[in-house]
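[1] Predicted model follows, preceded by the sequence.
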Amino acid sequence: MDRPARPPLGWNGPVRQTEVDGMALHRAAPTPRRGAHHANPIHTLGVLDGEDLVVPTQRLGHDPVPAEIAYQVVHDELMLDGNARLNLATFVTTWMEPQADRLLGECAAKNMIDKDEYPQTAELERRCVSILAHLWHAPDRDQAVGCSTTGSSEACMLGGLALKRRWANRRSGAGRSTSRPNLVMGANVQVCWEKFCNYWEVEARAVPMEGSRFHLSAEEAVARCDDHTIGVVGILGSTFDGSYEPIAEIAAGLDDLEARTGVDVPIHVDGASGAMIAPFLDPDLVWDFRLPRVASINTSGHKYGLVYPGIGFVLWRRRDALPDELVFNVDYLGGQTPTFSLNFSRPGAQVAAQYYMFLRLGFRGYRLVQQASRAIATDLADRIAALGPFQLITRGDQLPAFAFTTRPDISGFDVFDVSRRLRERGWLVPAYRFPENRRDLAVLRVVVRNGFTHDLAGLFLDDLARLLPELGHPGPATRPGGHPAFHH
């Protein structure tokens, strides 16, 4: 069943929100429905003798507010947010150990860009890059170069910029035109790649889905390449269904293209999630710097690197893959600081937390944690399929994430109904349509992360099974000769 467009997020009052490119853009509204905070009178005892404290929400108040009152007001309002542990929509880490929480608090004031003031934080960043270079099989670990970022979106932008500049330098050096660059990718890419092409005026050659092919294939990638192609983006872990794209096959196809035509097209691997899964669970899968065609790789430390947001990394296989003119040296903070980023100041705490996780878990620890997530994902997928009205698109045996839809003969409800009903129990499970050429396919997606245990998976399955009779399907909650499970 088709769904009407979703209403704007939030109130039609104090703040109006408009979704553009997946980001909520806020603007002030002239007639706020809720224009002030009222403090709990108990908190004002001894401060205002229990009098009502009213603080405006849309402008600065005239006077300061005691710290505990300000905390309680904000804390109470944030209770309306969802429970992060029950959010099965996000790939982002929602649980860390208390020791990591403590370390994050201790480093909260550190500015990552100020490497002269915080040289040891900079050293931890260098060690993280070195660890990833080893993990991703850089041919010469001393020649690999990389940096931390605020996440994979920034890392992808930097990887794309390096592809474009290398292509332009090569073309201009040969006296050829540098107009009309293009980038080949599947329609399943994360929106950051569409942003990159838009912001930096690169033609996005997005390969649409077709039939049961839900991501980029080698044949489709090669068919769209020409001498204006700056690179091909391969996704190690699609956000649509959790599947890996065939990076090695794409590389082989591009090798053949160069042998036939002389057109040399590099690959950037967007391993936002999979680059921290495959090294531990799929060691025989060749997708990384073992392929000479792979020029750069990014990942999100705040996904399966197991760190809170926002931390990401991007690495290049060797120094000449990152053009020197993209790296700036600044000295006003004291000392010479090389920087390649889209912003300047950013927290250093997440870098410290990422190094903590590398030190804490080691290779074996990461393998055990990621294997547990995959085992939960595949088991839950199989049990959902056994409920009856659903069929799997993927089953969580690559990324610990899977997509499923309703069977073709189910007409009484759809995935949007299921998503809405699960939300009533606190579960956030996204329902969405696939992109171009498969807009007919609407799915639910479940992402399993560290902290989502077998116990929680069982509770989720119980809730899913319990709502089926209410949606009109005789699921496990209805016994022959009995009554549907109780519901309000």
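    Received, thanks. Numbers count the residues shown, from 1 in each chain.
[2] average pLDDT across stretch 114-125?
    Mean pLDDT, stretch 114-125: 86.
[3] Start and end of that stretch, how far apart?
    12 Å (C-alpha to C-alpha, to the nearest Å).
[4] Also stretch 397-407?
    Start and end residues of stretch 397-407 are separated by 21 Å (C-alpha to C-alpha).
[5] Make 14 the first number, not 1, from now on.
    Renumbered: residue one is now 14, and that last one reads stretch 410-420.
[6] Could you pull out the buried residues of that stretch?
    Asp410, Gln411, Leu412, Pro413, Ala414, Phe415, Ala416, Phe417, Thr418, Thr419 (16 or more other C-beta atoms under 10 Å). No exception for glycine: its C-beta is placed from N, CA and C like everyone else's.
[7] Can I get stretch 277-293 as PDB, trimmed to CA atoms?
    Extracted in PDB, the C-alpha atoms of stretch 277-293 (Å, rounded to 0.1, in the frame of the first residue of the first chain):
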ATOM      1  CA  ASP A 277      42.700   4.100 -15.600                       C
ATOM      2  CA  VAL A 278      39.900   4.300 -13.100                       C
ATOM      3  CA  PRO A 279      40.700   4.000  -9.300                       C
ATOM      4  CA  ILE A 280      38.300   2.600  -6.700                       C
ATOM      5  CA  HIS A 281      37.300   4.200  -3.400                       C
ATOM      6  CA  VAL A 282      35.900   1.700  -1.000                       C
ATOM      7  CA  ASP A 283      33.200   3.100   1.300                       C
ATOM      8  CA  GLY A 284      33.600   0.800   4.200                       C
ATOM      9  CA  ALA A 285      31.600   2.900   6.600                       C
ATOM     10  CA  SER A 286      30.400  -0.300   8.300                       C
ATOM     11  CA  GLY A 287      32.000  -3.200   6.500                       C
ATOM     12  CA  ALA A 288      35.600  -2.100   6.800                       C
ATOM     13  CA  MET A 289      35.300  -2.900  10.500                       C
ATOM     14  CA  ILE A 290      33.400  -6.200   9.900                       C
ATOM     15  CA  ALA A 291      35.100  -8.000   7.000                       C
ATOM     16  CA  PRO A 292      38.700  -8.000   8.400                       C
ATOM     17  CA  PHE A 293      37.500  -9.900  11.400                       C
END
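[8] Now do that stretch: distance to the chain's middle.
    Offset of stretch 277-293 from its chain centre (C-alpha atoms, centre = their mean, to the nearest Å): 14 Å.
[9] what's the answer for stretch 468-478, then?
    24 Å.
[10] and for that stretch, what are the contacting residues?
    Stretch 468-478 is contacted from outside by 98-99, 101, 389, 392-393, 396-397, 400, 431, 435, 438, 440, 459, 461, 488-490, using C-beta atoms under 8 Å, 6 or more residues apart in numbering.
[11] How about the contacts made by Val197?
    Applying C-beta under 8 Å, 6+ apart, the residues near Val197 are Arg218, Val220, Leu229, Ala234, Arg237, Cys238, Thr242, Gly244, Val245, Val246, Val278.
[12] Which secondary structure state is assigned to the last one?
    What it means is Val278. Each residue gets one of three states, and Val278 gets coil by DSSP: H, G, I helix; E, B strand; the rest coil.
[13] One more: the first one?
    For Arg218, the reduced secondary structure class is strand; criterion used: three-state DSSP.
[14] so how far is Glu207 from it?
    Between Arg218 and Glu207 the distance is 12 Å, computed by C-beta to C-beta, to the nearest Å.
[15] So these two - more neighbours on which side?
    Just comparing Arg218 and Glu207: by other C-beta atoms under 10 Å the higher neighbour count belongs to Arg218, 19 against 16.
[16] Let me see the contact set for Asn124.
    Asn124 makes contacts with Glu130, Tyr131, Ser358, Arg359, Pro360, Gly361, as judged by C-beta under 8 Å, 6+ apart.
[17] Go through the residues you listed and name the one nearest Pro336.
    Checking these against Pro336 with C-beta to C-beta, the nearest one is Arg359 at 22.7 Å.
[18] pretty sure that closest one is touching Thr163, no?
    Yes. Using C-beta atoms under 8 Å, Arg359 is in contact with Thr163, at 5.8 Å.
[19] Does anything pack onto the helix or strand harbouring Cys141? Which helices or strands?
    In the assignment (DSSP states H and E), Cys141 maps to helix 132-148. Contacts defined by 3 or more C-beta pairs under 8 Å, 6 or more residues apart in numbering; DSSP states H and E place helix 132-148 against strand 158-162, strand 325-329, helix 362-398.
[20] Mark which of the contacts of Val197 are part of helices, please.
    Secondary structure assignment (DSSP state H) places Ala234 from those within helices.
[21] top of the contacts of Val197 by neighbour count?
    Most surrounded of the contacts of Val197: other C-beta under 10 Å gives Val245, at 30 neighbours.
[22] How much space separates it from Gly173?
    From Val245 to Gly173 the distance is 12 Å (C-beta to C-beta).
[23] who touches both of those two?
    Leu196, His281.
[24] and the residue nearest to Gly95 when sequence neighbours are not counted, what pLDDT?
    Once flanking residues are discounted, Gly95 sits nearest to Leu441: 5.4 Å by C-beta to C-beta, 6 or more residues apart in numbering. Note for Leu441: predicted pLDDT of 96.
[25] again with Gly287
    Reading off the model, Gly287 has pLDDT 98.
[26] How about Thr491?
    38.
[27] Okay, domains of the chain per the record?
    As given by automatic domain parsing, the domain ranges for the chain are 28-99, 114-370, 383-484.
[28] which stretch among those comes nearest Trp108?
    With C-beta to C-beta, the closest approach to Trp108 among these belongs to domain 383-484: 3.4 Å.
[29] picking up where we left off before, want to try CSV for the buried residues of stretch 410-420, with distance to Gly199 as columns?
    Output for these, formatted as CSV (distance: C-beta to C-beta, whole Å):
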residue, distance to Gly199
Asp410, 20
Gln411, 15
Leu412, 15
Pro413, 21
Ala414, 17
Phe415, 18
Ala416, 15
Phe417, 21
Thr418, 20
Thr419, 25
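[30] Can you flag which of those belong to strands?
    If you go by DSSP state E, those have Ala414, Phe415, Ala416, Phe417, Thr418, Thr419 in strands.
[31] What does the residue nearest to the spatial centre of the chain show for phi and psi?
    What sits nearest the mean C-alpha location of the chain, by C-alpha atoms, centre = their mean, is Phe104, with 5.4 Å. Main-chain dihedrals, Phe104, degrees, to the nearest 10: phi -90, psi -10.
[32] That one contacts Arg462, correct?
    Yes. Using C-beta under 8 Å, Phe104 is in contact with Arg462, at 7.1 Å.
[33] residues shared between the contacts of the two?
    Lys316, Tyr317.
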